[in-house]
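Chemist: predicted structure and sequence below. I'll ask about it afterward.
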Amino acid sequence: MSTRIPFLKGHGTENDFVIVPDPENAIGLPPAAVAALCDRRAGIGGDGLLHVVRSAAHPEAKGMAAEAEWFMDYRNGDGSIAEMCGNGVRVFARYLQRAGHVTEGDLAVATRGGVKTVHIAKDGDVTVGMGKALLPEDDVTVSVGERSWPARNVNMGNPHAVAFVDDLSHAGDLLSPPPFSPAAAYPDGVNVEFVVDRGPGHVALRVHERGAGETRSCGTGACAVAVATARRDGADPTATGTPATYTVDVPGGTLVITERPDGEIEMTGPAVIVAEGEIDADWLDTATRA
């Protein structure tokens, strides 16, 4: 391994990521290394890490190589593996564009949540086809302190619990995962969104992402919130044939979510690369072993 490893830093509505280009899957990134890189004081800092690998070179993505050349090997900030990250896919696509691997227009990105369709617009926004939401019928409750709320169970390739509250401050500091019940509803943990109304077709959220804590934005969370809000509002595009679109304010900006009559969900928002540089491999090795 060379003594320096290229990296970039990017964000989508301030959900920020360390990007490690590694087309041939040659760089070892155990959980401790990812956590060290994402550390905001001792490392580069990020809510998560985007490991950029050719699908054919990664054992988890070989089966998707015919559909998508590139695999987003996504890791949470604590080093754990996640199925999908909506903001991450947009930033991943922006990196591919910057590196000259793709141009404006349509592309496919392989993820652990399946192959995602992406469109890079001329105005800079990136739209991601997020797939269809699954809506388990479990009764779920989330709590903060002495307050509890019923939550809508929504799966966007990763699990979400969406709770409608009167004020976003009721979510507390979101430093630790909000308790939920029953435990069997989310055996591997859950992303929890607290939501308030801002107006017709317009909501705002705060989110605790499992493995990362409160983040400035969560793309899959914004999609889950839009679906949960539509159902609360009596809208089901698959039944009515009419798309449902919601503007979703997150602490780091704004996303636009559309659920189409075929059930597919599209998320549109910005994606920005802010810096690039090199990781010192000796530091990373030391940090990994610490």
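Modeler: Received the coordinates, thanks.

Chemist: pretty sure T254 is touching G269, no?
Modeler: Yes. Using C-beta atoms under 8 Å, T254 is in contact with G269, at 7.1 Å. Backbone N, C-alpha and C define where each C-beta goes, glycine included.

Chemist: give the residues shared as contacts by the two.
Modeler: Overlap of the contact sets of T254 and G269 (by C-beta atoms under 8 Å, 6 or more residues apart in numbering) consists of T13.

Chemist: looking at those two, which is more packed in?
Modeler: More crowded of T254 and G269, by other C-beta atoms under 10 Å: G269, with 25 against 16.

Chemist: for that one, which non-adjacent residue is closest in space?
Modeler: With C-beta to C-beta, 6 or more residues apart in numbering as the criterion, G269 has its nearest non-adjacent residue at 4.3 Å, and that residue is L255.

Chemist: what's the local residue count around the one you found?
Modeler: Neighbour tally, L255, other C-beta under 10 Å: 29.

Chemist: packing partners of the helix or strand encompassing it?
Modeler: According to DSSP states H and E, L255 maps onto strand 253-259. Strand 253-259 makes packing contacts with helix 219-232, strand 244-250, strand 264-269 when contacts are defined by 3 or more C-beta pairs under 8 Å, 6 or more residues apart in numbering; DSSP states H and E.

Chemist: if we can go back for a sec, which residues touch the residue nearest to G269?
Modeler: 13, 217, 219, 222, 247-248, 267-269.

Chemist: let me know the closest of those residues to S181.
Modeler: Nearest to S181 among these is A222, at 24.5 Å by C-beta to C-beta.

Chemist: I figured that closest one hits D249, correct?
Modeler: No. At 9.2 Å, A222 does not count as touching D249 under the criterion of C-beta under 8 Å.

Chemist: perfect, that will be all.
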